[in-house]
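Enquirer: quick one, structure for this:
(chains A and B)
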Amino acid sequence: MAVLGPLSRISRLGCNLCRNHRLVFYRNSQKRGISSCIDPSYGLTDEQKEFQKVAFDFAANEMAPHMAEWDQKEIFPVETMRKAAQLGFGGIYVRPEVGGSGLSRLDTSIIFEALSTGCVSTTAYISIHNMCAWMIDTFGNDEQRKRFCPDLCSMEKFASYCLTEPGSGSDAASLLTSAQRKGDHYILNGSKAFISGGGDTDVYVVMCRTGSKGPKGISCLVVEKGTPGLSFGKKEKKVGWNSQPTRAVIFEDCAVPVTCRLGNEGQGFNIAMKGLNGGRINIASCSLGAAHASVLLARDHLLVRKQFGETLANNQFLQFKLAEMATKLVASRLLVREAATALQENRADAVSLCSMAKLFVTDECFN
Amino acid sequence: MGADRGIHVEVSGKDYESLGPLQVSKIMAALAKKEEAQLIILGKQAIDDDCNQTGQMTAALLDWPQGTFASEVSLDGDNVKVVREIDGGLETIRINTPAVLTADLRLNTPRYATLPNIMKAKKKKIANVKPADLGVDLTSRLEVLRVDEPPQRQAGMKVETVEDLVAKLKDAGKV
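Expert: All right, here's what the predicted structure looks like:
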């Protein structure tokens, strides 16, 4: 029976993917014909499966039909995102008393993975928005949380995360945007680059320098659109992810009340990095959704396309390829979910797992 | 999407095996009286037995008006306006509450469940009740005599000419 161990296993896996689809198709299954071996609902609790179902349905009905149009016309889909917020997707891991859904990092990862099968770019923006809402919820005082979080959770207002500058990307701690204390205001000067949502969003979570060089001199301020001295660069032309605008954010003697500072002076870098841990998981989850949708599309094509008198699904090399794609998808998914669990439990390996997850998953899913 | 609370009527054993629309509608009627319901909304027809009886029987047991195969429902004070999908097209009726409605396919599209509601669902109460508590008699009025599979499809026969075909059909008494 089994001739060459690993090879025949790969071939069988590829065959199974194709065969399972046929079986599911003939049974007229209610499910979306998802091949059983890459089904993303394995290992989830009933509640998590419900969250996932809502997100999948929303993605299929509200996002996927418009995804191409949003990308081509560079539309920032405010109405659709607000519909998502009504379901609780505006502040997924923000605490309920300020309007959030109070779910775990793993729940969040599952939701973003499902949403991004509808539109990766928009889901990625929604995840950034969630990250900002969480930062305010976690590090803000009660007054700040009550002021900003409810509107962010309902997406009445949208948020952007401002860390990167023209002169500091990887070396984020060397950022230069300065915030000079004058009475009960900080005066901001400097600029941020490549800010997702910049110009179209209302609330900007800005990391700026209030102290001396290095990470300990950085603080986190919340700046609202319309504040005098806040302006935006031109909208960047991108090759993809066009449903979220990307602009430079410019501060020229922009006065921000001290009451808008999250946490203490010097805590800003810490806040930024903590936000990004979750951000990495979320972005990785978006890649997972895209990869999942891609694997399904590839499989569908193999079953339909005929060359040399047979469907492509009978081609052994392509079976191998499909099996490899499926394997990498499942491996990526496991890494992301483990990272999410680690972050939720505040484990020591959480940060490194999040970084590994982001690295591995985005690379594999890109392939 | 979802409910505020649930009632589980436990039926098991022989009673479960012989459970049909009449028994279910007796239970529904008893519950309606107990809960002082004003509106009962049921499915129009189950896909296992295809009966299309439970809603109608429930209304009869309670002596309530019924709006079956509803594709549009609007409440208006003490009345309910129901648009029914019937063989000839659409029929609009007005019935008094309390009433029984059965839902047809085009009644609505389910809303998305929201995340907070999904989480609250775990904590919602489901009361357990036995049919005896409701004073319902579940004995079946039907006895199943036998169940047969459809006959196996027989192999056919190929013929060469039309004359052959007509001759074979005449032989078999079909023509």
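Enquirer: near chain B, which residues of the stretch 51-200 of chain A?
Expert: By C-beta under 8 Å from any C-beta of the partner chain, the part of the stretch 51-200 of chain A that sits against chain B consists of A:51, A:54, A:57-58, A:86-89, A:92, A:96, A:101-103, A:111. For the C-beta atoms, the positions are set from N, CA and C on the backbone; glycine is no exception.
Enquirer: out of those residues, who's nearest chain B?
Expert: Taking C-beta to the nearest C-beta as the measure, chain B lies nearest residue A:88 of these, at 3.1 Å.
Enquirer: how far away is that closest one from residue A:153?
Expert: 8 Å (C-beta to C-beta, to the nearest Å).
Enquirer: how about the longest helix along chain A, does it get close to chain B?
Expert: The single longest helix within chain A, with elements called by DSSP state H, is helix A:268-304. No. Using C-beta under 8 Å from any C-beta, helix A:268-304 stays clear of chain B, with a minimum separation of 15.7 Å.
Enquirer: now that helix: mean pLDDT?
Expert: Mean per-residue pLDDT for helix A:268-304: 88.
Enquirer: and stretch B:44-63, by the same measure?
Expert: 92.
Enquirer: using CSV, list the CA coordinates for it.
Expert: Listed next in CSV are the C-alpha coordinates belonging to stretch B:44-63 (Å, rounded to 0.1, in the frame of the first residue of the first chain):
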residue,chain,number,x,y,z
LYS,B,44,-44.3,26.1,8.2
GLN,B,45,-43.1,22.6,7.4
ALA,B,46,-40.4,20.3,8.8
ILE,B,47,-38.0,18.7,6.3
ASP,B,48,-38.2,15.3,7.8
ASP,B,49,-41.9,14.5,7.8
ASP,B,50,-43.1,17.3,5.5
CYS,B,51,-46.3,17.4,7.5
ASN,B,52,-47.2,21.2,7.6
GLN,B,53,-49.6,20.5,10.5
THR,B,54,-48.2,21.7,13.8
GLY,B,55,-49.0,25.3,13.4
GLN,B,56,-52.5,24.7,12.2
MET,B,57,-53.2,22.1,15.0
THR,B,58,-51.9,24.4,17.7
ALA,B,59,-54.2,27.1,16.5
ALA,B,60,-57.1,24.7,16.5
LEU,B,61,-56.4,23.4,20.0
LEU,B,62,-56.2,27.0,21.3
ASP,B,63,-59.1,28.2,19.2
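Enquirer: who's in contact with that stretch?
Expert: B:20-22, B:24-26, B:28-29, B:32-33, B:40, B:42-43, B:64-66, B:68-69, B:98-104 (C-beta atoms under 8 Å, 6 or more residues apart in numbering or on different chains).
Enquirer: give the buried residues for it.
Expert: By 16 or more other C-beta atoms under 10 Å in any protein chain shown, the buried positions in stretch B:44-63 come out as B:44-45, B:53-59, B:61-62.
Enquirer: ok, residue A:145 to chain B distance?
Expert: 18 Å (C-beta to the nearest C-beta, to the nearest Å).
Enquirer: name the SS class of the nearest residue to residue A:261 once chain neighbours are set aside, please.
Expert: Of all residues not flanking residue A:261 in the chain, residue A:221 sits nearest, at 5.4 Å (C-beta to C-beta, 6 or more residues apart in numbering or on different chains). With DSSP: H, G, I helix; E, B strand; the rest coil as the basis, residue A:221 sits in strand.
Enquirer: three-state assignment of residue A:250?
Expert: Assigned with three-state DSSP, residue A:250 falls in the strand class.
Enquirer: ok, it - contacts?
Expert: A:191-192, A:230-233.
Enquirer: beta partners for it?
Expert: Under DSSP bridges, the beta-bridge partners of residue A:250 are residue A:191, residue A:231.
Enquirer: most neighbours out of the contacts of residue A:250, which is it?
Expert: When the contacts of residue A:250 are compared by neighbour count (other C-beta atoms under 10 Å in any protein chain shown), residue A:192 ends up highest, at 27 neighbours.
Enquirer: quick revisit: list buried residues within the contacts of stretch B:44-63.
Expert: Among the contacts of stretch B:44-63, those scoring as buried are B:20-22, B:24-26, B:28-29, B:32, B:40, B:42, B:64-66, B:68-69, B:98-104 (criterion: 16+ other C-beta under 10 Å).
Enquirer: restrict those to contacts with chain A.
Expert: Okay, of these, nothing touches chain A (C-beta under 8 Å from any C-beta).
Enquirer: counting only strands, which of those residues make the cut?
Expert: Among the buried ones among the contacts of stretch B:44-63, the residues falling in strands (DSSP state E) are B:40, B:42, B:66, B:68-69, B:99-103.
Enquirer: hmm, back to that, which elements pack onto the longest helix of chain A?
Expert: When contacts are defined as 3 or more C-beta pairs under 8 Å, 6 or more residues apart in numbering or on different chains; DSSP states H and E, helix A:268-304 sits against helix A:5-26, helix A:105-115, helix A:120-139, strand A:203-209, strand A:218-224, strand A:310-311, helix A:316-344, helix A:350-366.
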